[in-house]
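Novice: Fold the following.
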Amino acid sequence: MTDASRPTTEISLLGRYYVIACPPDEQDKLERAARYLDKAMNGIHAQNNLLGSERIAIMAALNITHELLETLDAQRDSERSLDALSSRLEAALADTPPR
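Specialist: Below you'll find the predicted structure:
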């Protein structure tokens with residue numbers, strides 16, 4: 001049973017089409033995410049075409065999650081470095097005599 005009043009978007013993953021409920025203002029983001037996932041799934045499928053769709057989807061999800069966590073770790077490291085530099089700058093400015 002589908003709700004005709006609910007906006008949907010059609011995406012393609014590994015050559016199969018899926019209709020996903022999605023607000024119109026999020027459609028571009030959903031399509032971008034679907035393209036990214038499809039590319040990841042196709043890469044795994046190209047390496048081993050004997051795997052089923054479910055296993056390919058799980059492996060792609062794990063790979064993408066790993067990428068996300070690595071990016072978040074790098075962002076946190078950058079924020080810590082920026083905070084340390086900011087603290088050093090504030091300390092240096094505090095030690096500077098007024099003119």
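Novice: Mind giving me the packing neighbours of the top helix by length along the chain?
Specialist: Identified as the longest helix of the chain according to DSSP state H is helix 53-95. Secondary-structure packing of helix 53-95 (3 or more CB pairs under 8 Å, 6 or more residues apart in numbering; DSSP states H and E): helix 27-47. C-betas here are computed from N, CA, C, even on glycine.
Novice: So for this protein, which residue is the most central one in space?
Specialist: residue 68 (6.0 Å; CA atoms, centre = their mean).
Novice: burial of the closest residue to residue 57 other than its chain neighbours, as a residue count?
Specialist: The shortest distance from residue 57 to any non-neighbouring residue, by CB to CB, 6 or more residues apart in numbering, is to residue 41 (6.4 Å). Look at residue 41: counted by other CB atoms under 10 Å, it has 22 neighbours.
Novice: Tell me which residues touch residue 41, please.
Specialist: When contacts are counted by CB atoms under 8 Å, 6 or more residues apart in numbering, residue 41 touches 13, 14, 56, 57, 60.
Novice: Distance of it relative to residue 52?
Specialist: 12 Å (CB to CB, to the nearest Å).
Novice: ok, now residue 69?
Specialist: Counting by CB to CB, the gap from residue 69 to residue 52 is 26 Å.
Novice: what does residue 74 give?
Specialist: Residue 74 is 33 Å from residue 52, by CB to CB.
Novice: What confidence value was assigned to residue 6?
Specialist: What the model reports for residue 6 is a pLDDT of 89.
Novice: My impression was that it belongs to a strand - is that right?
Specialist: No. Going by DSSP: H, G, I helix; E, B strand; the rest coil, the assignment for residue 6 is coil, not a strand.
Novice: Just give the number of residues close to it.
Specialist: 9.
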